[in-house]
Every structure is written in C-alpha cells, then in structure tokens.
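**Q** Sharing a sequence plus its predicted fold:
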Amino acid sequence: MTSSRVLVLNSGSSSVKYQLLDMSDSRRLAQGLVERIGEETSRVKHSPADGETREWSGAISDHDAALKAVAQELSRDGLGLDSPELAAIGHRVVHGGKHFTEPTVIDDTVLAEIERLIPVAPLHNPANLTGIRTAQALRPDLPQVAVFDTAFHTTMPESAARYAIDVETADAHRIRRYGFHGTSHAYVSRATAKLLGKAPEEANVIVLHLGNGASASAVRGGRCVDTSMGLTPLEGLVMGTRSGDLDPAVIFHLMRVGGMSADEIDNLLNKKSGLIGLCGDNDMREIRRRIEEGDESAQLAFDIYIHRLRKYIGAYYAVLGRVDAVAFTAGVGENASAVREAAVAGLAELGLAVDDELNAVRSDEPRLISPPSARVAVAVVPTDEELEIATQTYALVKGSDILT
Ligand SMILES: Nc1ncnc2c1ncn2[C@@H]1O[C@H](COP(=O)(O)OP(=O)(O)O)[C@@H](O)[C@H]1O
Ligand SMILES: CC(=O)OP(=O)(O)O
Ligand SMILES: [Mg+2]
C-alpha cells in the first residue's frame with residue numbers, strides 16, 4: 001500500500017489544532033481543535049470530512065493528554081494513528097533560530113535545538129516539543145517533520161534582520177529579527193499572487209496575519225524582506241494579549257521604579273497586554289460588540305490596534321516601493337470587516353481602498369475587496385498553515401528512503 005496521508009499538529013500554548021490530509025489529492029480527511037488545555041474544562045471539536053462534527057468538554061491537563069484525545073477521535077473514524085496509510089506527522093515549530101531554514105526530519109539533535117530555543121519562544125516551543133514527543137511515542141516508526149515558523153523569514157536582508165545594538169553582544173546571544181507565522185506568510189503571499197493572476201516572483205505583497213498572535217510581512221517576488229515579529233513573537237503589531245512594539249526602556253522602568261522582576265514583566269507583556277490589557281477582552285468580536293454599545297475603552301483599544309497596523313502598512317509600502325496587494329488573513333483578518341476598512345481608510349493617495357459591499361461579503365475563498373479601479377489590490381486570503389505544513393512535510397518524505 002502506498003502511504004500518502006500526513007497528520008499535521010499545530011500545538012499552541014493552550015491549544016492543539018490538527019488536520020489529517022491525503023496528499024495524493026490534498027484532500028482533508030479530518031480536522032479539529034483542542035482548546036483551553038490545562039484549564040478546568042477543555043474543549044474538543046473534531047470534524048471528519050465524511051461525518052458529523054463531534055464536540056465535547058472535559059479536563060485535559062496537558063498537551064500529552066490533548067494529543068491522546070486527538071488520536072482517539074481519529075480512531076473513532078477509522079483514521080487512527082496506527083494506520084499504515086500514514087506517511088508522516090508534520091509539526092508546526094514556532095522557533096527554529098537561524099539554523100533551520102527548511103522543513104526538517106526530527107531526530108535527537110533537532111529536538112535538542114528546539115529545546116535550546118525555549119527562552120526565545122516560551123509560549124510556543126515547549127508545546128511544540130510535547131506534541132513531537134507524544135507523536136513519536138505513538139508512532140516511533142514514522143518520520144516526524146518540523147516545519148518552522150521562522151524559515152520563510154530567513155531571506156530577510158541583514159538591514160532588516162539586525163537590531164541596531166552592539167554587534168558583538170548581538171552575535172554572542174544570537175539576537176536578531178527571526179520573524180514568525182512564516183508558513184502563513186508564505187502560503188498567503190503565494191495565494192495572493194495567484195488571485196492577481198501573477199506568478200509569486202512577479203508580486204509584491206504586504207501580508208497582515210491578524211490572529212491572536214499577529215504579524216505583518218513585506219514579501220517581494222515571493223521572498224520575505226521584512227516582518228514585524230522579532231527575536232520572539234512579542235514585537236510588532238498589537239495582539240490579543242501581547243503588547244507588540246514599545247520603548248525598551250519601559251522594561252527598565254518597570255524593574256527599577258515598578259519593582260517588577262523580569263519574569264513578571266515577561267508575563268505582563270506577553271499575557272496581560274495588547275487588546276486584553278487595554279480593554280479586558282482579546283476577542284475582536286467582543287470588542288466590536290462593545291463598541292456598538294458605546295464602550296469607550298473598547299473603542300480606544302480598537303483605535304490603538306488600528307493605528308499600529310496602519311504604521312506597518314505604511315512602513316512596508318516604503319520597504320517594497322511598489323505594492324501589488326495588501327492581504328488580510330487569520331481570525332481577525334479574515335472575519336473582521338471593520339478592521340480591514342479602518343486599516344486602509346483615507347489611503348487613496350497610496351492607491352489603497354476597500355469597496356464596502358465587497359468587504360462585507362463572508363466567504364472562505366480568497367477574494368478581492370478593493371474597487372476594480374484601485375491601483376493596489378486589497379484582498380482577504382484565508383490562511384491554511386496546516387495544508388502548507390502537510391505539503392512541505394510530504395514533499396520532504398515522499399520518494400525518500402525515510403518512507404518505507
Ligand atoms: N467573526 C469574527 N469577527 C472578528 N474577529 C474574529 C472573528 N472570528 C474570529 N475572530 C478573531 O480571531 C482570533 C483568533 O484567530 P486565529 O487566527 O484563530 O488565532 P490563533 O491561531 O492565534 O489562535 C480571535 O481571538 C478573534 O479575535
Ligand atoms: C508565533 C505566534 O505568535 O503564534 P500564534 O499566533 O499561534 O500564537
Ligand atoms: Mg495562529
């Protein structure tokens with residue numbers, strides 16, 4: 001039997017998203033989500049392609065237990081991890097440092113490197129590691145492949161990747177801009193070029209990945225030339241719970257004057273800042289609802305979010321010189337028409353505008369929302385990190401002697 005199925009695991013700090021795909025025709029056989037891992041009640045949602053979605057709540061204490069729940073759900077549909085049709089398991093790994101520029105078959109050395117990078121991706125790499133270890137224990141015979149969020153950004157020029165600090169100190173501690181959400185920026189920039197009827201090499205695209213974590217990238221001819229996240233996924237845009245850009249002196253001030261420890265500030269900036277810090281909610285749906293009711297702190301949080309986003313659009317416009325499209329993606333980018341409208345409002349001089357009717361359309365398909373006459377296309381392009389990870393994983397193991 002030829003094996004052509006790939007299971008993709010995208011382990012976040014408190015969630016696991018997964019998809020099982022048949023790569024002979026890129027068909028999705030099942031997908032799902034385990035949320036609120038470690039909380040009192042976790043939630044599991046599992047959708048087989050040929051059956052009813054199943055949802056249940058229960059206590060799932062850690063990522064190991066979450067993955068076992070995923071394996072069980074897949075088994076119930078006859079798609080268990082013991083299937084001989086499974087060719088590989090692909091894992092999203094958030095931080096790959098400078099070393100990993102390509103999808104990589106995981107061995108002990110790769111595991112050790114992912115572990116070494118935990119201090120620069122404390123919310124993500126530990127979850128990614130648990131996902132890998134549990135999957136290895138369930139199927140020790142299968143190739144496990146790491147697809148790194150950082151890989152797509154390794155093409156950035158030094159002028160974009162280097163911080164303006166003492167070079168020796170930076171090099172000693174490997175401090176530079178790595179960038180994240182790379183599989184999404186790669187997938188969306190390519191899909192945007194396709195939507196424009198261009199080859200990726202011909203298109204300059206600003207990608208705005210606005211999920212709970214959020215980042216922008218400038219992509220010239222299919223290669224990343226700048227991105228908003230940095231050494232860690234904390235820099236750049238305002239996010240659900242992360243501050244994004246701020247004066248680094250805020251940290252010394254909080255230490256010296258506020259009496260806070262490094263860990264306390266880390267927690268403040270990563271988990272209690274961004275939208276949730278500004279108004280108590282990190283879900284854009286809730287923020288929009290509160291704004292409709294006249295809530296001032298929700299309005300201010302929204303305005304700060306949009307102000308930062310517009311600054312990055314302007315910055316990357318200048319970085320690229322010529323922009324063919326601005327693409328919105330991820331939970332907020334794909335769904336929040338008010339964010340898209342506000343992000344480009346008043347930028348007609350730059351060739352940017354949205355058409356209200358097109359912007360209001362809800363769809364899972366890539367689509368243009370700018371008026372046909374606009375000089376720069378504005379697009380909504382749903383991301384599919386799992387499909388991209390599966391494609392890269394399968395390309396690596398197919399036809400190699402890894403697959404037996
Ligand atoms: N219909 C919607 N309108 C506005 N925002 C939405 C909508 N649906 C989802 N979102 C936003 O998308 C976010 C999640 O995005 P997602 O890309 O799934 O994030 P992540 O992968 O980081 O968990 C939610 O926190 C919410 O703010
Ligand atoms: C890198 C990152 O921020 O990822 P996520 O959006 O999944 O938190
Ligand atoms: Mg995401």
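**A** Happy to help now that I have it. Ligands and ions are numbered 1, 2, ... in the order given.

**Q** three-state assignment of Gln19?
**A** Per DSSP: H, G, I helix; E, B strand; the rest coil, the local secondary structure of Gln19 is strand.

**Q** my guess is it contacts Glu385, does it?
**A** No - between Gln19 and Glu385 there is no contact under Cβ atoms under 8 Å: 9.3 Å. C-beta here means a position set from N, CA and C on the backbone, and glycine is covered the same way.

**Q** and the two? which has more neighbours close in?
**A** For Gln19 and Glu385, the more surrounded residue by other Cβ atoms under 10 Å is Glu385, and the numbers stand at 26 against 22.

**Q** Report the strands that pair with the helix or strand containing Ser57, each with its relative direction.
**A** Following DSSP states H and E, one finds Ser57 within strand 54-58. Applying DSSP bridges, strand 54-58 is found paired with strand 42-48 (antiparallel).

**Q** anything in the partner strand near ligand 1?
**A** No - using Cβ under 6 Å from any ligand atom, strand 42-48 never reaches ligand 1; the gap is at least 12.6 Å.

**Q** May I see the buried residues of that strand?
**A** Neighbour counts using 16 or more other Cβ atoms under 10 Å place 42-44, 46-48 of strand 42-48 among the buried residues.

**Q** measure Ala390 to ligand 1 for me?
**A** 17 Å (Cβ to the nearest ligand atom, to the nearest Å).

**Q** go on, Ala87?
**A** Distance from Ala87 to ligand 1, by Cβ to the nearest ligand atom: 25 Å.

**Q** can you count the residues close to the residue in the stretch 151-300 of the chain that ligand 2 sits nearest to?
**A** Taking Cβ to the nearest ligand atom, ligand 2 has its nearest neighbour within the stretch 151-300 of the chain at Gly213, 2.4 Å off. Counted by other Cβ under 10 Å, the residues lying close to Gly213 total 25.

**Q** so what's it up against?
**A** Counting by Cβ atoms under 8 Å, 6 or more residues apart in numbering, Gly213 touches 180-181, 233, 239-240, 242.

**Q** Contact partners for Gly211?
**A** Contacts here follow Cβ under 8 Å, 6+ apart; on that basis Gly211 touches 181, 240, 330-333.

**Q** Try it again at 7 Å.
**A** Gly211 makes contact with 330-332, according to Cβ atoms under 7 Å, 6 or more residues apart in numbering.

**Q** ok, now Ser83?
**A** Taking Cβ under 7 Å, 6+ apart, one finds Arg5 in contact with Ser83.

**Q** secondary structure element for it?
**A** Counting by DSSP H and E, Ser83 is part of no helix or strand.

**Q** what's next to stretch 41-49, contact-wise?
**A** Everything outside stretch 41-49 that qualifies as a contact, by Cβ under 7 Å, 6+ apart, is 28-36, 53-60, 69, 73, 77.

**Q** Equivalent analysis for stretch 262-276, please.
**A** If you take Cβ under 7 Å, 6+ apart as the criterion, stretch 262-276 is touched by 123, 234, 238-244, 251, 254-255, 281-282, 287, 301, 305.

**Q** how about a cut-off of 10 Å?
**A** By Cβ atoms under 10 Å, 6 or more residues apart in numbering, the surrounding residues in contact with stretch 262-276 are 13, 122-123, 212-214, 232-234, 237-244, 246, 250-255, 258, 260-261, 277, 281-284, 286-287, 298, 301-302, 304-305, 332.
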